[in-house]
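Asks: When you get a sec, could you give me coordinates for this:
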Amino acid sequence: MPQTPTLYEPSTEHDSCGFGFVVDVAGRASHGIVADALTVLVNLEHRGASGSEANTGDGAGLLVAMPHRFLGAVAAEAGVSVPATGYGVAMVFLPRDEPSRAGARERFEQAVGGEGLQLLGWRDVPTSDEGLGRSAATSQPFIAQAFIARPAGLPFTEEGDLAFDRRLYVARRLAEKSVGRSALPGRGDFYVPSMSCRTIVYKGMLNARQLLTFYPDVTDPRLESAIALVHSRFSTNTFPSWARAHPYRYISHNGEINTLRGNVNWMFARQSTFRSEVFGDDLAKVLPAVDVDGSDTAIFDNVLELLHLSGRSLAHVMTMMVPEPWGRDTRMSPEQRAFYEYHACLMEPWDGPASLAFTDGVRVGATLDRNGLRPGRYWVTSDGRVVMASESGVLDIPASEVVAKGRLRPGRMFLVDTSQGRIVGDEELKAKLTSAQPYREWVRDSLVALEDLPKPASVIGPDHATVLRRQQAFGYSVEDVRLIIDDMASSGADPIGSMGNDAPLAVLSQRPQLLYSYFKQLFAQVTNPPVDAIREELIMATDRSIGPEANLLEPGPDAAHQVALPSPILSNEELETIRSLDGGPGSRGFRTITLPILFKVADNGSGLRRAIEDLRREASEAIAEGYNQVVLSDRGHNEIDAPIPALLAVSAVHHHLVRAGTRGRIGLVLESGEPREAHHFCLLIGYGASAINP
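Replies: Down below sits the predicted model:
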């Protein structure tokens with residue numbers, strides 16, 4: 001049985017989730033692997049948390065490869081006949097009240113049947129709420145398992161399993177939409193922790209030790225697996241709930257994704273370009289793939305699931321979403337650099353600090369984001385086990401049995417492949433990924449460096465005579481000039497200030513405020529040390545590419561057809577280089593239009609509204625006419641035409657094009673005298689600007 005760890009006093013200040021996995025490298029399923037993983041979980045209990053009730057945990061869970069011997073036995077006990085391996089299982093959280101539960105089951109069954117799948121039957125999962133805190137007990141869903149037959153014609157191979165999981169994924173998304181849009185009073189309790197022919201998840205709003213008593217299944221000796229992944233949750237960014245416990249369908253996670261809002265917005269922006277041969281017409285049924293009500297880990301898992309089921313390996317997707325620092329690594333091979341450069345044109349990183357464990361039931365691994373601020377350690381034993389956890393000492397392994405040990409390194413991946421019966425090193429893994437396609441050739445032929453474009457015929461110079469008028473028009477204050485502009489002009493660097501922003505809320509002010517002042521940073525300011533961009537330049541990156549985007553699910557050679565910029569902040573000469581692209585031979589297929597962002601002062605608010613509507617229409621017309629770079633400019637403002645607030649103009653165009661399904665067809669550049677500090681630039685980029693010329 002798992003050891004009893006020392007009790008601790010829970011805190012609410014730090015994100016210190018604990019995760020770990022135990023795997024038999026040779027793929028030999030046993031309950032011993034599961035028992036070891038549960039021991040790891042209990043010994044990580046101090047990394048989880050409880051609320052005001054000590055017996056209401058933030059969440060704990062277990063993910064295992066399909067335990068066919070166990071499931072076959074318990075299904076038979078429930079009166080369900082399942083074939084030896086030809087089935088999938090959905091772990092389903094259902095509403096507590098009987099009418100809502102029946103309605104949710106009916107909608108689930110309709111979704112499964114509507115996809116041509118056969119529901120073999122249901123099993124009510126035995127649970128024991130003895131010892132649960134009041135909050136956990138009152139929010140506890142009814143938990144059941146649905147057994148679904150494997151469609152005829154799917155081979156019993158890994159590719160067949162992936163195809164079956166794809167069918168199950170479509171059915172699950174339809175069920176989630178059907179229940180979520182219904183009028184069932186308990187629809188909020190409906191959730192599907194897993195629905196697969198490869199893995200199954202047991203989790204809940206529990207602490208580590210409660211998982212063992214709440215789910216008698218997990219301690220049943222018949223429940224055997226070669227892979228077992230566990231997690232003990234410490235909730236900081238979202239409130240705990242049964243659905244938000246880890247593991248998710250593919251991953252568990254320690255840390256936080258601090259680029260989340262931007263990542264999610266761009267997933268929606270790219271959605272109109274999605275095409276998938278393996279999904280076909282079913283792709284529309286699963287979109288949107290992101291559940292915005294989920295935690296950062298849940299959303300990451302949503303995207304990982306879609307990209308994996310579209311055809312990429314888990315390792316490929318993880319490398320795309322959590323890339324290693326490649327921009328300034330002089331030791332990296334040209335092929336590997338091209339791989340990252342190519343994928344940077346498809347998707348921005350999902351940056352932490354974060355360490356993530358992942359599995360598809362055959363392979364299990366872990367990776368650390370480029371910052372390396374979350375620990376991960378592993379041990380390899382003489383009997384063929386690998387133990388990975390977010391800290392040392394999670395399992396009592398005699399030193400004589402340890403044949404290798406190590407730790408996760410920033411941007412590197414640790415992977416165990418039970419189908420091959422071995423540990424796959426990071427270098428071998430990356431070499432295989434980078435050689436799968438001619439990425440170096442694709443980048444060379446399609447990605448255009450800004451300095452390789454024709455130089456502009458002229459560059460707009462400074463206009464000293466109108467400085468005061470422009471400062472007044474853009475709302476500069478004496479403090480802005482003295483504390484920000486003067487300091488940057490004299491030192492060439494941003495002024496140093498405190499990390500937090502304790503200024504009074506703009507909405508309560510009686511003085512005019514810039515639109516930027518109404519926004520606050522949205523990130524988990526917990527255990528992260530300050531970033532030193534000079535001494536840690538290897539992991540810092542400001543370069544980016546702008547231009548039309550390709551289909552994220554099935555990219556090809558043209559996906560890298562963009563303009564590579566050394567920074568999203570453009571000089572006047574760099575802006576004019578982009579502005580002068582006319583579609584001719586020297587422009588390498590790029591064509592730019594400049595749209596003014598001005599409105600009539602005399603028309604007040606109604607004039608501003610009309611100007612924004614006109615701007616949206618003009619952006620759509622420009623795309624229809626073949627332009628693939630758009631510059632929004634407030635140059636030319638005067639006493640008649642005032643500048644539209646830059647953040648309002650950028651976000652209005654961006655979201656309009658997202659709704660129109662055309663945002664991915666252009667790069668969006670801002671030319672404005674309004675933004676002048678880091679907060680302004682972050683907001684503009686977060687709300688859709690590809691680059692900015694201040």
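Asks: alpha carbons only for contacts and neighbour counts from here, please
Replies: Will do.
Asks: Spatially central, which residue of the protein would that be?
Replies: Note on the chain: the residue nearest the mean C-alpha position is residue 300, at 3.2 Å, using CA atoms, centre = their mean.
Asks: Doesn't that one lie inside a strand?
Replies: No - in this structure, residue 300 is helix, not part of a strand, as judged by DSSP: H, G, I helix; E, B strand; the rest coil.
Asks: Surely residue 175 forms part of a strand?
Replies: No - with three-state DSSP as the criterion, residue 175 is helix rather than part of a strand.
Asks: mind checking pLDDT for it?
Replies: We have a pLDDT of 98 for residue 175.
Asks: residues contacting it?
Replies: For residue 175, the contacting residues are 107-108, 110-112, by CA atoms under 8 Å, 6 or more residues apart in numbering.
Asks: check contacts around residue 64.
Replies: 34, 199-201, 225-229, 361.
Asks: so residue 628 sits right up against residue 548, yeah?
Replies: Yes - counting by CA atoms under 8 Å, residue 628 touches residue 548, with 6.1 Å between them.
Asks: joint contacts of the two?
Replies: Residues touching both residue 628 and residue 548 by CA under 8 Å, 6+ apart: 665-667.
Asks: which residues does residue 385 bridge with?
Replies: residue 24 (DSSP bridges).
Asks: Quickly note the distance from the closest residue to residue 314 other than its chain neighbours to residue 393.
Replies: On the basis of CA to CA, 6 or more residues apart in numbering, the spatially nearest residue to residue 314 that is not a chain neighbour turns out to be residue 308, at 5.9 Å. Distance, residue 308 to residue 393, by CA to CA, to the nearest Å: 33 Å.
Asks: Likewise for residue 70?
Replies: From residue 70 to residue 393 the distance is 30 Å (CA to CA).
Asks: Looking at the two, which has the bigger crowd around it?
Replies: residue 70 (15 against 12; other CA atoms under 10 Å).
Asks: I figured the more buried one hits residue 223, correct?
Replies: Yes - using CA under 8 Å, residue 70 is in contact with residue 223, at 5.0 Å.
Asks: Give me the residue ranges of the stretch 401-550 of the chain where confidence is low.
Replies: For the stretch 401-550 of the chain, the stretches flagged by pLDDT under 70 are 497-501, 522-533.
Asks: how about the strands in it?
Replies: Using DSSP state E, counting those that start in this stretch, the strands of the stretch 401-550 of the chain run over 402-407, 413-417, 422-424, 448-449, 544-546.
Asks: Same question for the stretch 101-250 of the chain.
Replies: Under DSSP E, counting those that start in this stretch, the stretch 101-250 of the chain gives strands at 119-124, 142-149, 191-196, 199-204, 227-232.
Asks: Now mean pLDDT too, for the ones you listed, in a markdown table please.
Replies: As requested, those are exported to a markdown table (pLDDT from 0 to 100):
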| stretch | mean pLDDT |
| --- | --- |
| strand 119-124 | 97 |
| strand 142-149 | 98 |
| strand 191-196 | 98 |
| strand 199-204 | 97 |
| strand 227-232 | 94 |
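Asks: so of these, which one's packed in deepest?
Replies: strand 227-232 (a mean of 34; mean count of other CA atoms under 10 Å).
Asks: circling back: let me know the helix or strand that the residue nearest to residue 314 is in.
Replies: helix 296-309 (DSSP states H and E).
Asks: Check the offset of that helix from the chain's centre.
Replies: Centroid separation for helix 296-309 versus its chain: 7 Å, with CA atoms, centre = their mean, to the nearest Å.
Asks: what about it, average pLDDT?
Replies: 95.
Asks: list the helices and strands that helix packs on?
Replies: Packed against helix 296-309 by the contact rule (3 or more CA pairs under 8 Å, 6 or more residues apart in numbering; DSSP states H and E) you find helix 158-180, strand 251-255, helix 314-321.
Asks: What is the second one packed up against?
Replies: Packing partners of strand 251-255 (3+ CA pairs under 8 Å, 6+ apart): strand 18-24, strand 227-232, helix 296-309, strand 354-359.
Asks: I'd like the strands of the stretch 401-550 of the chain as TSV, with distance to residue 351 and mean neighbour count appended.
Replies: What follows is the strands of the stretch 401-550 of the chain, written out as TSV (distance: least, CA to CA, whole Å; neighbours: other CA atoms under 10 Å):
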stretch	distance to residue 351	mean neighbour count
strand 402-407	20	13
strand 413-417	15	23
strand 422-424	24	17
strand 448-449	25	18
strand 544-546	15	22
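Asks: export those to TSV and tack on distance to residue 686?
Replies: Below are the strands of the stretch 401-550 of the chain laid out as TSV (distance: least, CA to CA, whole Å):
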stretch	distance to residue 686
strand 402-407	34
strand 413-417	29
strand 422-424	37
strand 448-449	23
strand 544-546	14
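Asks: mind listing what the closest residue in space to residue 415 that isn't next to it in sequence touches?
Replies: Nearest residue to residue 415 in three dimensions, chain neighbours excluded: residue 365, at 4.1 Å (CA to CA, 6+ apart). Taking CA under 8 Å, 6+ apart, we find residue 365 in contact with 357-359, 413-416.
Asks: just checking, residue 365 is part of a helix?
Replies: No - applying three-state DSSP, one finds residue 365 to be strand, outside a helix.
Asks: now residue 614: how far from residue 592?
Replies: In terms of CA to CA, residue 614 sits 18 Å off from residue 592.
Asks: what do you get for residue 255?
Replies: In terms of CA to CA, residue 255 sits 41 Å off from residue 592.
Asks: about what we covered before: state the number of residues packed around the residue nearest to residue 314.
Replies: For residue 308, using other CA under 10 Å, the count is 20.
Asks: correct me, but it touches residue 315?
Replies: No - using CA under 8 Å, residue 308 makes no contact with residue 315, being 9.1 Å away.
Asks: give me every residue that touches residue 681.
Replies: Contacts of residue 681 (CA under 8 Å, 6+ apart): 675, 692.
Asks: Quickly find the element holding it.
Replies: Going by DSSP H and E, residue 681 is in helix 678-686.
Asks: ok, and for that helix, which residues are buried?
Replies: 680-681, 683-686 (16 or more other CA atoms under 10 Å).
Asks: can you check stretch 265-276 too?
Replies: 266-273, 275-276.
Asks: just checking, which of those belong to helices?
Replies: Of the positions in those, 266-270 sit in helices, assigned by DSSP state H.
Asks: Just put the residues you listed in JSON lines and tack on pLDDT.
Replies: Listed next are those as JSON lines, based on pLDDT from 0 to 100:
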{"residue": "266", "pLDDT": "91"}
{"residue": "267", "pLDDT": "93"}
{"residue": "268", "pLDDT": "92"}
{"residue": "269", "pLDDT": "91"}
{"residue": "270", "pLDDT": "92"}
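Asks: what's near enough to touch the closest residue to residue 582 other than its chain neighbours?
Replies: Closest residue to residue 582 apart from its sequence neighbours, by CA to CA, 6+ apart: residue 591 at 4.6 Å. Counting by CA under 8 Å, 6+ apart, residue 591 makes contact with 581-583, 626-629.
Asks: do the same with residue 151
Replies: Residue 151 neighbours (CA under 8 Å, 6+ apart): 117-118, 164.
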